[in-house]
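Peer 1: Sequence and predicted structure, then a few things I'm wondering about:
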Amino acid sequence: MADDLRALVLDVLAGIAPDAADVPLDPTRSLREQLDLDSLDFLAYVERLSEATGHPVPEEDYPAVDTLEGAVALLSAPRAT
Amino acid sequence: MGQFTMPTLGADMEEGTLLEWLVAPGAQVHRGDVVAVVDTDKSAVDVEVFEDGVVSRLLVEPGTRVPVGTPLADIAAAGAPSVPVEPFVPVEPSVPVEPAEQTVVAPGPAAVPPVPAQPVPVTAPGTPAAPTASPVVRRLAHSLDVDLATVAGTGAGGRITHADVETAAHARAPGAPALGAPRVRSSPRARALAGQRGVDLSAVAGSGPDGAVRAVDLPPAPSRPAPSGAAVEPLQTRPVAASPVPVPRPAAPPSAHAVDEQHRAARRQATAHLMARSNREIPQYAVQTTLDVEPVLAELARRNSGRPVAERLVLAAALARATALAAARRPSLNGTWEDGDLRPAPAVHLGVSVALRGGGLVTPVLRDAQDLDLDGTMAALRGAVERVRRGRTRQGELDGGTLTLTNLGERGAETVHGVIFPPQVALVGVGRPVQRPWAVDGLLGVRTVVTVVLTGDHRASDGHEGSLFLADLADLLAHPDTL
């Protein structure tokens, strides 16, 4: 499950930063920094993650999804009903 | 009837390559519909048609590079009959005609396909020497370089109709230049077949009388059939050409990577040229201020909570909105410098600098930005940036800016003294939001602030006006409910 989510997150990132597809990502470092994402890129990233998983991502969760491991963790957690 | 021609998509554009047709013959189009994708050397651009109608004929194949102004497609006026495919009925030929080869020097009308009868330019007895044609048809003939005296009219009483003129223009031998230049001797059947197959008659050795080209001289038809319904013919040249212009053959499409590299190089050249010109021509001054953006950040967070991601706002949009509003009040900062004088613009068409991944800068324009509310500004900004990143901008999207905003974003430097994009007269540069010590109600606090630098053209404005602009900007951002 975590592997699937990880692959999904990487897939979404590849769609936004295709040139960075081969960059080895540190799962604990900021994705914005590693991939030079601006605010609109990050918004697109959050939007696609949310669409793909059905998991809402409110603004307060942005810092969490800004890392690979954070994104996987958040998306694995059961959604608040 | 009108023509869709290769548009000018930039002041320095002389040629463009048709990349892709997004409509087929028979398609109904409306003013503003995107009908094709054109490559301008710097990027791929979606181009629009300017009138309602039906696409009657595509004239240029994808992959072909043509000068600006070259007809790309014929658009029949909505409701008007499209080019007839049935053969003509000659009014009264004075020379007996037959389906077999007949060599003529002057290009005459030939039905496209098949080619049974050959109407010879005549006037029926009793009709005036000049063929009758309505003013609209005359204008059409003029724009297509068709000599009305050579057209047989199939309308009532020998009147020349739209369709007569159109067919006369398209039956002109491919590769044959416009009026006034030497013509290719060829038979009507050879011309019709050459038109269908996209063959340049001037490149074919003729076996007919005086070297005229006959149908048998043409190279065999290609195995791939032409798109149904469309006789895709090579482009028609403009009257300025003194000698026949060879029909450009679509080259093998370059790889996507090669295209990207070409675009990048061309963009760099364009930016280099513009920035060098800016420093050469514009006496630039700069005024700077640091603004507390916590009120606007709080307002954005408030609006965003409960909103789906697709509707959320970012600081960049708020900055663009505030800039547009402040600029609308400052004619000396929003407009162009042309012919030695300031031309204030009646609207704010805000250019936004977008840094491309892999390098390079593109500046799409948010038109009439003063009329967009904050949500509208966000949507326009997202759309423009997305199109730029995808490499598919819209026609006109990169032109006509009256002021430019360079927002370095959250990972940029603190301060940017931007360079004005001529012929504009100002540029607003915004650095990244940082936390700084701040005086809050007489006490020391910490606030998130951004540094804004207004660069102005000193021929159009001065430090005082620049300062007023910055004061307005600060005021708007301090009261974000006004955005």
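Peer 2: Right, received. Where do you want to start?
Peer 1: from here on, contacts and neighbour counts on C-alpha atoms
Peer 2: Will do.
Peer 1: The residue in the stretch 51-200 of chain B positioned nearest to chain A: neighbouring residues, count only.
Peer 2: Nearest residue of the stretch 51-200 of chain B to chain A, counting by CA to the nearest CA: B:Gly63, 25.9 Å away. By the criterion of other CA atoms under 10 Å in any protein chain shown, B:Gly63 has 20 neighbours.
Peer 1: Would you agree it is in contact with B:Gly16?
Peer 2: No - between B:Gly63 and B:Gly16 there is no contact, the gap being 9.9 Å when judged by CA atoms under 8 Å.
Peer 1: Do you have the helices of the chain handy? List them.
Peer 2: Since you didn't name a chain, this refers to chain A. Ranges of helices in chain A, per DSSP state H, are A:2-16, A:31-35, A:39-53, A:62-65, A:68-76.
Peer 1: Please refer instead to chain B.
Peer 2: Going by DSSP H, chain B shows helices at B:135-143, B:162-170, B:188-197, B:256-281, B:294-304, B:315-328, B:374-390, B:463-478.
Peer 1: What's the end-to-end length of stretch A:46-64?
Peer 2: Length of stretch A:46-64, first residue to last, CA to CA, to the nearest Å: 11 Å.
Peer 1: Quick check: residues of chain A near chain B?
Peer 2: With CA under 8 Å from any CA of the partner chain as the criterion, chain A meets chain B at residues A:17, A:19, A:33, A:36, A:38-40, A:43, A:46-47, A:56-59.
Peer 1: same thing but at 6 Å, please
Peer 2: Taking CA under 6 Å from any CA of the partner chain as the criterion, chain A approaches chain B at residues A:Glu47.
Peer 1: ok, how many other residues are close to the residue of chain B found nearest chain A?
Peer 2: For chain B and chain A, the shortest gap (CA to the nearest CA) falls at B:Val309, measuring 5.5 Å. For B:Val309, the neighbour count with other CA under 10 Å is 21.
Peer 1: what sits against it?
Peer 2: A:Glu47 (CA atoms under 6 Å, 6 or more residues apart in numbering or on different chains).
Peer 1: at 10 Å instead, please
Peer 2: A:Leu43, A:Ala44, A:Tyr45, A:Val46, A:Glu47, A:Arg48, A:Ser50, A:Glu51, A:Pro56, A:Val57, A:Pro58, A:Glu59 (CA atoms under 10 Å, 6 or more residues apart in numbering or on different chains).
Peer 1: Which of those has the largest number of neighbours?
Peer 2: Neighbour max across these (other CA under 10 Å) = A:Val46, 26 neighbours.
Peer 1: which one is that one nearest to, not counting chain neighbours?
Peer 2: A:Val57 (6.9 Å; CA to CA, 6 or more residues apart in numbering or on different chains).
Peer 1: for A:Val9, same thing?
Peer 2: A:Leu49 (6.9 Å).
Peer 1: hang on, isn't that neighbour packed against A:Gly15?
Peer 2: No - using CA atoms under 10 Å, A:Leu49 is not in contact with A:Gly15; the gap is 11.3 Å.
Peer 1: Give me the more crowded residue out of the two.
Peer 2: Higher neighbour count among A:Leu49 and A:Gly15: A:Leu49, with 23 against 14, using other CA under 10 Å.
Peer 1: Now do the contacts for the more buried one.
Peer 2: Contacts of A:Leu49 (CA under 10 Å, 6+ apart): A:5, A:8-9, A:11-13, A:43, A:55-57, A:65, A:71, A:75.
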